[in-house]
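Asker: how does the following fold in three dimensions:
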Amino acid sequence: MHVDTGSHYRAVTLACLQAGIGPEEDLTGFLSGLELGTVIEGNSACICLNGEKIDPASLRSEAVNKNVSPFAAVPEVREKVKFYQRAQAEIAQKESFTGLIMEGRDIGSVIFPNADLKIYLIADEATRSARRKDEGQSDTIAERDKIDSSRKTAPLKQPEGSIAINTGNFTLKEVIAQVVDLYKGNLSN
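Answerer: A predicted model of the protein is given here:
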């Protein structure tokens, strides 16, 4: 089962913005009433808020792109999302998936630090900005990286025991081939 954990923080950010709540406010009450759920679409787990599936385009809006890092830096948000993300392993098992692939900035360091295989994908700012532009999105990558790297709770860093792949040096197909080779090598160990 594939899980895009960035969509989880984006969904919480979207919900807060729609409620008119900023990241500097006390989010405890709001978050306690926010139900995070999962719906399976093909091989992917998609987040739902209070039983409602979210339009994926709204998760990549300019407002969400601009605000996701400040909200993701809030310890209460990280704690709520952490428990939801860890529950994805149980959902994958319940839905009879043979494994779980989670992509996100703290999966190998905070969510599943004992994962069998941890791959850390990197690319320079210019490459990542060009990719966002090609996807029709605008994003403040350098600003987000600075916030994510300096937050007190779960700062962005390469997880211990992970294997780094600089994706800026390869095509998507080449990166996928490297990941598959690492996975196959991990199975034989």
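Asker: make it CA atoms for all contacts and neighbour counts henceforth
Answerer: Will do.
Asker: who touches the least confident helix or strand in the chain by mean pLDDT?
Answerer: Every helix and strand of the chain was ranked by mean pLDDT, DSSP states H and E. The lowest is helix 141-150, at a mean of 76. Helix 141-150 is contacted by residues Ser69, Pro70, Ala72, Ala73, Glu125, Arg128, Ser129, Pro155, Leu156, Lys157 when judged by C-alpha atoms under 8 Å, 6 or more residues apart in numbering.
Asker: which residues touch the fifth one?
Answerer: For Glu125, the contacting residues are Ile141, Ala142, taking C-alpha under 8 Å, 6+ apart as the criterion.
Asker: check the second one too.
Answerer: Residues counted as contacts of Pro70 (C-alpha under 8 Å, 6+ apart) are Pro23, Ile147.
Asker: gap between it and Thr5?
Answerer: 16 Å (C-alpha to C-alpha, to the nearest Å).
Asker: quick check: closest non-adjacent residue to Ile21.
Answerer: Nearest non-adjacent residue to Ile21, counting by C-alpha to C-alpha, 6 or more residues apart in numbering: Leu27, 7.9 Å away.
Asker: quick check, that neighbour in contact with Arg78.
Answerer: No. Counting by C-alpha atoms under 8 Å, Leu27 does not reach Arg78; the two are 11.5 Å apart.
Asker: what are the phi and psi angles of the spatially closest residue to Thr153 that is not a sequence neighbour?
Answerer: In this structure, Thr153 finds its nearest non-sequential neighbour in Pro75, 6.0 Å apart by C-alpha to C-alpha, 6+ apart. Phi and psi for Pro75, reported as degrees, to the nearest 10, are phi -50, psi -40.
Asker: how much space is there between Pro75 and Asp26?
Answerer: Counting by C-alpha to C-alpha - Pro75 and Asp26 are separated by 11 Å.
Asker: of these two, who's got more company?
Answerer: More neighbours surround Pro75 than the other of Pro75 and Asp26, with 15 against 12 (other C-alpha atoms under 10 Å).
Asker: for Leu31, see how far away that one is.
Answerer: Pro75 is 12 Å from Leu31, by C-alpha to C-alpha.
Asker: likewise Glu135?
Answerer: 31 Å.
Asker: repeat for Ser58
Answerer: Taken as C-alpha to C-alpha, the span from Ser58 to Leu31 is 20 Å.
Asker: okay, the two: which has more neighbours?
Answerer: Taking neighbours as other C-alpha under 10 Å, Ser58 and Leu31 compare with Leu31 leading, 17 against 14.
Asker: test my guess that the more buried one contacts Val77.
Answerer: Yes. Using C-alpha under 8 Å, Leu31 is in contact with Val77, at 7.4 Å.
Asker: okay then, goodbye and thanks.
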